[in-house]
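*Asks:* Can you look at this prediction? I've put the sequence above it.
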Amino acid sequence: MRIELVDIDGLRSPVRPDLGSVLDAYRSILRTGAVEEPLIVHDGDMTLLGGFRTYEALDLLSAVRAPALLLEDGEFHVAGDDPLGAVRDGRTIEEGAFSLSGVEVPRIRVRLSDLLEGHGGRGRRVYRSTVELMVKDWPTPLVRLNFGSSEGREVWAKLEWYNPFSCSAKDRVAWAMIEDAARRGCLGGAFYEATSTNTGIALAALSRVLGRSCRIYLPRGTQAGVDAYFRALGAHVVRGSEPITVQMLDRVMEEARRDGAVVLNQFENDANFKVHLKHTAHELQEQLEAAGARPDYLVGALGTSGHLSAISFHLKSLYGDSIKVIGVQPAPGSRIPGIRRIETGMKWVSHAQLDGVADVSAEEALEGIWAVARSDGIIIGPSSGAIIAAVRKMDLRGTVAAVLPDNGLKYQEFLGSVGRDAP
């Protein structure tokens, strides 16, 4: 029996604790800056026997190491279900399905900073696959915009279109859902997914890399031009009559069951929230710190609610109520690609602790696109334009952090649909 720092990637857990309890542990470690109880690990095959919430929290905090109490056979006794057997059989068991005796767990204090490894790309940016390109090239850039600089505000924009597959934040989500399904042994041979565009493109692209087939379900009103992207990636496209993606889920689930396909379901899959908590949130925090900027506001678009909820949870765990979080949704009667209204249902939005919600019309989103094009020379996407419009509409002052989900190069129809020329 001994305590050592062990590599997190080498651990195997038979238990998947609920997200709420993991977030409690996450917040506690983040606020204290330390781990005060070791994981309990079988020294033979590195199976977790205890500390499941701490393990999940450290993984989401991007730790690469964890303090572990290593136990050999004969140094502990298990009553109930066998965690070692569960791992060998590929089963997941409930946290209370077994108990451990004969072990006295010591109190420790290991600094979180000693368990981390920095984010970022590698050296000369040479990658051995497109998946490696995506993951090892994180963080996506953070840039200070000229927009609003003469109006008492400083806007720092995180440019998520530097992800290579869909050129959007949804690359992270598609990758994380596939990784999670692979770990659980339920990857399957085909993916079916409802999407407004970007998750579908990312999933279709990764399907090609993995040698899987992909069927994409698009709601009514999705731009006709995106079909060409899906055809290029070999995905089958089904266009529905439903106005928004979440209303297509029952049909997608039914057809997947019929065909033996896997529905990763970005709207309910906690991998969506977790990938942004583990990566996007930490990237933004570290980038702002490197810039010497402490955010007064975080402004983000509401779609699945995954990225805004995760980043808000992280930053509010650090800064408390000194940072205000604003969600952006389409105004009643408006359609802005990639975002929708809260009342349509969003799984993780309660974790965001929103301080306000801004309604933005399609016309205002387009004006936001034009404003940044004229001030900074980049063409941002409709949801990004809505974020910029909200910053202006709410007259936010001080330091504003904004996560811009994608650029405008896929949205020619939207850019020409609002009905007037750029000023």
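*Replies:* Sure thing, it's come through. Numbering: from 1, shown residues only.
*Asks:* I'd like to check what contacts the host helix or strand of Q287. Which residues are they?
*Replies:* Assigned by DSSP states H and E, Q287 belongs to helix 281-290. Applying Cβ atoms under 8 Å, 6 or more residues apart in numbering, the external contacts of helix 281-290 come out as 61-62, 118-119, 138-140, 142, 156, 158, 294-295, 310-311, 313-315, 318, 401, 403. Backbone N, C-alpha and C define where each C-beta goes, glycine included.
*Asks:* Show me how far it is from its chain's centre.
*Replies:* Centre-to-centre, helix 281-290 and its host chain are 15 Å apart (Cα atoms, centre = their mean, to the nearest Å).
*Asks:* before we move on, the earlier item: so which of the contacts of helix 281-290 belong to helices?
*Replies:* If you go by DSSP state H, the contacts of helix 281-290 have 310-311, 313-315, 318 in helices.
*Asks:* Tell me who's in contact with the residue nearest the centre of the chain.
*Replies:* Geometric centre of the chain, nearest residue: H276, 2.9 Å, by Cα atoms, centre = their mean. H276 sits next to 169, 172-173, 306-307, 309-311 when contact means Cβ under 8 Å, 6+ apart.
*Asks:* Let me know the closest of these to T54.
*Replies:* Proximity of those to T54, judged by Cβ to Cβ, is greatest for A310, which lies at 18.9 Å.
*Asks:* wait, that closest one sits on W348?
*Replies:* Yes: applying Cβ atoms under 8 Å, one finds A310 in contact with W348, separated by 7.2 Å.
*Asks:* Now the common contact residues for those two.
*Replies:* F273.
*Asks:* Wait, E72 touches G44, no?
*Replies:* Yes: E72 is within contact range of G44, at 7.1 Å (criterion: Cβ under 8 Å).
*Asks:* From the contacts of H276, pick the one nearest E4.
*Replies:* A310 (30.6 Å).
*Asks:* Distance-wise, check the closest one relative to L19.
*Replies:* Separation of A310 from L19 (Cβ to Cβ, to the nearest Å) stands at 11 Å.
*Asks:* Check H236 too.
*Replies:* From H236 to L19 the distance is 32 Å (Cβ to Cβ).
*Asks:* Who has more neighbours out of these two?
*Replies:* More crowded of H236 and L19, by other Cβ atoms under 10 Å: L19, with 18 against 14.
*Asks:* can I see the domain layout of the protein?
*Replies:* Annotated domains of the chain cover 2-97, 137-162+270-415 [automatic domain parsing].
*Asks:* Could you pull out the helices in the stretch 1-150 of the chain for me?
*Replies:* Taking DSSP state H, counting those that start in this stretch, the helices of the stretch 1-150 of the chain run over residues 19-32, 52-60, 83-89, 130-136.
*Asks:* Point out where this protein drops to low pLDDT.
*Replies:* Where the chain drops to pLDDT under 70, the residues are 118-123, 418-423.
*Asks:* at 80 what do you get?
*Replies:* Residue ranges of the chain with pLDDT under 80: 118-123, 150, 417-423.
*Asks:* Quick check: nearest residue in space to V15, chain neighbours excluded?
*Replies:* Closest residue to V15 apart from its sequence neighbours, by Cβ to Cβ, 6 or more residues apart in numbering: F52 at 4.5 Å.
*Asks:* wouldn't that neighbour be in contact with P17 here?
*Replies:* Yes: contact criterion Cβ under 8 Å: F52 and P17 qualify, at 5.0 Å.
*Asks:* what do those two both touch?
*Replies:* E95.
*Asks:* Name the residue in the two with the higher neighbour count.
*Replies:* Between F52 and P17, F52 has the larger neighbour count (other Cβ under 10 Å), namely 21 against 17.
*Asks:* List the residues that contact that one.
*Replies:* By Cβ under 8 Å, 6+ apart, the contact list for F52 reads 13, 15-17, 95.
*Asks:* Neighbours of P337, how many?
*Replies:* By other Cβ under 10 Å, neighbour count at P337 equals 24.
*Asks:* Are there residues contacting both of A310 and L19? Which ones?
*Replies:* Listed as contacting both A310 and L19 by Cβ under 8 Å, 6+ apart are 273-274.
*Asks:* mind listing what P106 touches?
*Replies:* Taking Cβ under 8 Å, 6+ apart, one finds 3, 38, 69 in contact with P106.
*Asks:* Name the nearest of these relative to M248.
*Replies:* P38 (45.8 Å).
*Asks:* re the thing from before, buried ones in the helix holding Q287?
*Replies:* Neighbour counts over helix 281-290 (16 or more other Cβ atoms under 10 Å) mark 281-288 as buried.
*Asks:* now swap in stretch 101-110 and tell me
*Replies:* In terms of neighbour count (16+ other Cβ under 10 Å), stretch 101-110 has its buried residues at V110.
*Asks:* first to last residue in it, what's the distance?
*Replies:* Terminal residues of stretch 101-110 lie 25 Å apart, using Cα to Cα, to the nearest Å.
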